[in-house]
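> A predicted structure for the sequence below; I have some questions about it.
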Amino acid sequence: MMVNESADQLYNFALLDEDAKREIRRSLLKAVALPGHLIPFASRDLPIARGWGTGGLQITLSIITPDDTLKVIDQGDDESVNAVNLRRLIHRTTGVATTTDTPAASLIQTRHRIPEEPLRADQILVLQVPMADPLRWVEPSLERAITMHGETDYGKMWVYLYESVVRAGDLRIASQYPVIVNHRYMMDTTPIPRWDVPKLHMAETLYLFGAGREKRIYAVPPHTPVEPLQFEDYPFRTEYRPGQRCARCGAENTFLTSHFVADANGGRWEMTCSDVAFCAKRQGEQRDR
Amino acid sequence: MMTIVASPPTPIELFNSRAFRVLLDCLARPGKIGQLPPPPYSDLPPLPDGRPPNTTAVAACMSLLDQRVSFVHAHDNRWLTDDQPLSRWITLRSGSRVVAPAIADFALLHDTASLSLLSDLQEGSLIYPEQSCTAFLCVSDLVANGNTFRLTGPGIAGAATVGIASHYPMNINLLVARRDRFPLGIDLFLIDDHGRCLGIPRTTRILITTS
Amino acid sequence: MGYVAVRGGSEAISRAEELVTCLRLLGGSTPLQLPQIRDQLRHAVSRAMHEGALYAPLLAALALKQAEGDSIEAAFLLRAYRTTLPRVMASLPASGRDISCLRRISASFKDIPGGQILGPASDYLIRLLQPDLAHETIVDVARAAEQYAALVEKGGIRSGEWGRFPKVADYMRQEQMIVDVPADSEETEPFDITREPLVFPCPRSARLQALMQADTGSLMCLAYSSVRGYGDAHPALVELRYGYLAIQVAHPLTGEPVTIGEIEVTETEVASKAHSVSSRTGTPRFNVGYGFAFGQSELKTMSMAILDSVLTQARAGSLAGESGPAADEEFVLLHTDGIEASGFVAHFKLPHYVTFAADLSVLDRARDHHAQQQSRLYQLVDQAPTE
């Protein structure tokens, strides 16, 4: 018995079968109605490994229409190998137009960054989530954690933060920063830098979060309060350092990462914008002047 | 250039995906009046009084139905049985079955005369607030900046006002009732005769502005 | 001059794919044919099938070939393929009682009705490498066929139901030695873990499905821990069966059962010597654990059965002594799926430089804080009166 399939067998539009898309769509509606709350869903097996973006991918595949223009980034970079892989899978199974220009995209799937250019009401950002429950730092059992969320019993988390201040002199959480959404549910912001956390608060755009391996979906609607956990005397701070500057485009107010650049003198370490497309655009504008 | 390995969506699939974007947008931005695409169905069986149902509303509700979820629908303040022609029409095409209202995942109220039946629907639990009904209500007209409701809450910049008109007498208070039990609650879509859509999730606070 | 972005992402992926593809054949050896893998590596095929949750021996052979023998990767390919298949219908419930056994043993009793049938058992083989396997030819294939025919003749032709035996567990049930795990009262249909998300506590049907497609090594590790003291297992093998099971569906028009084929399966039942307390009023009985998998998969089904018994007892609250992760259903089911576990462990190879930059910023602050503490300390020391 050998299944007879030619190389150009046609899959369903956007790969997922309609039942899978419907389940995710139903979950997304509930997620929007319950900002920050984790909705379980029956995550499908995909040709991409778990842990490599299957949650975000399933959301994108379930909501994408032929009218969309898609952007996919990883660490802020459209050309990161994983972003390229996801983008080509989505393009191959939908035919949808793609772009690297944030303002030109209607649907953006991202891993670990929110783009620098403010997103509009007609755009949707889909974030890839590795670990969905913010309470896992203090309660790894999902069964117990779900009760804590239901009863707004977040005391353990506050104790954890307090202890981190005592030990390290400041809030210790670098990314996956916990926030309270709509004054109710504690939510994991995914491994975006603290730099990007304020962008979730009272935003114009809709944020959708997909965890494929953990099988959870959640959302932050626009114009919704998103407040990072902090103490009065130890407030939430981003990674901003006064005097920071991108070595390529000169921006002083973007999230920078350091990387090695080979040159004639053996190479040097540079701090540059992690949002590569934005940085390139700025450089292009500077040259055109 | 990569070869596209997926077939284009069928008309029903295309409607479902475009309609979903409108539903998602309306629920995420209560007060914004969205426009649903034209439905891919025609010649629906009539309601018990012989009138045709709102095809766009039926299609929008059906876009979310399949054999894993259940539904109920009501007309003239009565839940319709599963052997009613429209019930069978929906079940045949979606695989979703009519069940008791208290356990239904989706509800479609064909008229505002059925508003009191909203209290029959499930509102979820503290641990699983998402296990609650999503309801669709047919009205005649939705107008942005109208004077029926003033809406505030997540998804709304400041406040939004909407006007709702209906063929049948409508007890507006029934729409506002039972909305103070967050995270429990029903999430609601209003769809008018022109395929326009208004979303009211359980997080929205409603102030009645009409007298 | 415009900024020329030397972006190598797409290029890099294409080259990587090409490299993997040709590396497999660079050795110059004859390409493997799927029947060779299916016939001569049948344990690898069994494992790919039960971890891939798809009964398709030739496709499993293809997956193993494509994955260059990586068993988790092969299972992954089958799972991804399974997702694309339309769900036609569900079979009628099949019972292990109907297995036509090639092998059937029990450790709980010396002799059982029908007898102990060792069958194709590798348990008693002496593990010495056999160099002559390196020189097999078509002649050996013919010889194997002759040898098999001779064995069959020696066994004698039996008429009637071939390889059918009563269940040892049925006898134990009759004697009220074992408890039957009560069906979850709300469940009429078995849970489907591919269609509904697993939330805890979960129904037993969900647990068994998850265990069946779990990574064999992970289950083995946890089952092993549970018999070494980290759980209240104390299992006794009631019966292990390996053979063929006919699968039936209800005819779409008449509703009559129709056999659509046979699958090769292994089934294991264990009794746990710890007394079950699931019934407060009934007489004490042994608890039961169940394991089932495609192919000849004895390690998988035994590990599965042991864990099933431990988890049932843990749920009923009847564990004595130390308990460990094997008794925690959420821990077991969430960490034993090979595709999920390998995917997430491997994902640390993905770029994480943004979070690392964020981590560095927190490290900086911690260092500043430490430096401040140190300088304050020195100040105090300097200011201390020197009498």
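Perfect, I can see it now.

> what are the ranges of the strands in the stretch 51-200 of chain A?
Using DSSP state E, counting those that start in this stretch, the strands found in the stretch 51-200 of chain A span residues A:69-74, A:97-98, A:107-111, A:124-128, A:178-181, A:185-188.

> quick one, which of the ones you listed is nearest to chain C?
The closest approach between chain C and any of those, judged by Cβ to the nearest Cβ, belongs to strand A:69-74 at 6.3 Å. Heads up, the C-betas are built off the backbone N, CA and C, glycines and all.

> Go through that closest one and flag the buried ones.
Buried positions in strand A:69-74, judged by neighbour count with 16 or more other Cβ atoms under 10 Å in any protein chain shown: A:70-74.

> Pull the residues that contact that strand.
By Cβ atoms under 8 Å, 6 or more residues apart in numbering or on different chains, the residues outside strand A:69-74 that reach it are A:60, A:64, A:78, A:80-84, A:86-87, A:90-91, A:96-102, A:104-113, A:115, A:275, A:277, C:350-351.

> got the angle between that strand and strand A:107-111?
Orientation check (axes from the mean of the first three to the mean of the last three Cα atoms, to 10 degrees): strand A:69-74 against strand A:107-111 gives 10 degrees.

> picking up where we left off before, narrow the contacts of strand A:69-74 to those in helices?
Among the contacts of strand A:69-74, the members found in helices (DSSP state H) are A:60, A:81-84, A:86-87, A:90-91, A:277.

> Could you pull out the buried residues of the longest helix along chain B?
As assigned by DSSP H, the longest helix anywhere in chain B is helix B:11-28. Buried residues in helix B:11-28, counted by 16+ other Cβ under 10 Å: B:12-28.

> Which members of those additionally contact chain A?
B:13-14, B:16-18, B:20-21, B:23-25, B:27-28 (Cβ under 8 Å from any Cβ of the partner chain).

> surely B:Val22 meets B:Ile33?
No: using Cβ atoms under 8 Å, B:Val22 is not in contact with B:Ile33, being 10.2 Å away.

> For those two, list the residues in contact with both.
When contacts are counted by Cβ under 8 Å, 6+ apart, B:Val22 and B:Ile33 have B:Cys197 as shared neighbours.

> now, among the ones next to chain A among the buried residues of helix B:11-28, which is nearest to C:Lys65?
Ranked by distance to C:Lys65 (Cβ to Cβ), these are led by B:Glu13 at 35.1 Å.

> for stretch B:26-43, how far is the first residue from the last?
27 Å (Cα to Cα, to the nearest Å).

> That should have said stretch A:218-226, apologies.
In stretch A:218-226, first residue to last residue: 14 Å (Cα to Cα).

> Tell me if it is near chain B.
Yes: using Cβ under 8 Å from any Cβ, stretch A:218-226 comes into contact with chain B via A:219, A:221-224.

> Report the buried residues of stretch A:234-251.
A:236, A:238-239, A:246-249, A:251.

> among the residues of stretch A:218-226 next to chain B, which are in helices?
Using DSSP H, none of the residues of stretch A:218-226 next to chain B sit in helices.

> what residues does chain B put near chain C?
Counting by Cβ under 8 Å from any Cβ, chain B comes close to chain C at B:Arg68.

> what are the ranges of the strands in chain B?
Listed in chain order, the strands of chain B (DSSP state E) span B:34-35, B:70-75, B:78-79, B:97-98, B:106-109, B:134-138, B:141-152, B:160-165, B:187-191, B:196-200, B:205-208.

> how about the ones you listed in a markdown table, adding mean neighbour count?
Below are the strands of chain B laid out as a markdown table (neighbours: other Cβ atoms under 10 Å in any protein chain shown):
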| stretch | mean neighbour count |
| --- | --- |
| strand B:34-35 | 16 |
| strand B:70-75 | 24 |
| strand B:78-79 | 15 |
| strand B:97-98 | 18 |
| strand B:106-109 | 26 |
| strand B:134-138 | 25 |
| strand B:141-152 | 17 |
| strand B:160-165 | 19 |
| strand B:187-191 | 25 |
| strand B:196-200 | 25 |
| strand B:205-208 | 14 |
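
> Reformat those as CSV; add distance to C:Leu128 and mean pLDDT.
Formatted as CSV, these follow (distance: least, Cβ to Cβ, whole Å; pLDDT from 0 to 100):
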stretch, distance to C:Leu128, mean pLDDT
strand B:34-35, 74, 98
strand B:70-75, 62, 97
strand B:78-79, 74, 97
strand B:97-98, 62, 96
strand B:106-109, 65, 98
strand B:134-138, 66, 98
strand B:141-152, 79, 95
strand B:160-165, 80, 96
strand B:187-191, 68, 97
strand B:196-200, 72, 98
strand B:205-208, 78, 94
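
> Out of those strands, flag the one nearest C:Ala12.
Taking Cβ to Cβ, strand B:34-35 is the member of these nearest to C:Ala12, at 41.9 Å.

> Give me the nearest residue to C:Tyr230, chain neighbours excluded.
C:Gly324 (2.9 Å; Cβ to Cβ, 6 or more residues apart in numbering or on different chains).

> check contacts around the one you found.
C:225-226, C:229-231.

> if we look at chain B, which of the ones in helices among the contacts of strand A:69-74 are close to it?
Applying Cβ under 8 Å from any Cβ to those, those adjacent to chain B are A:His91.
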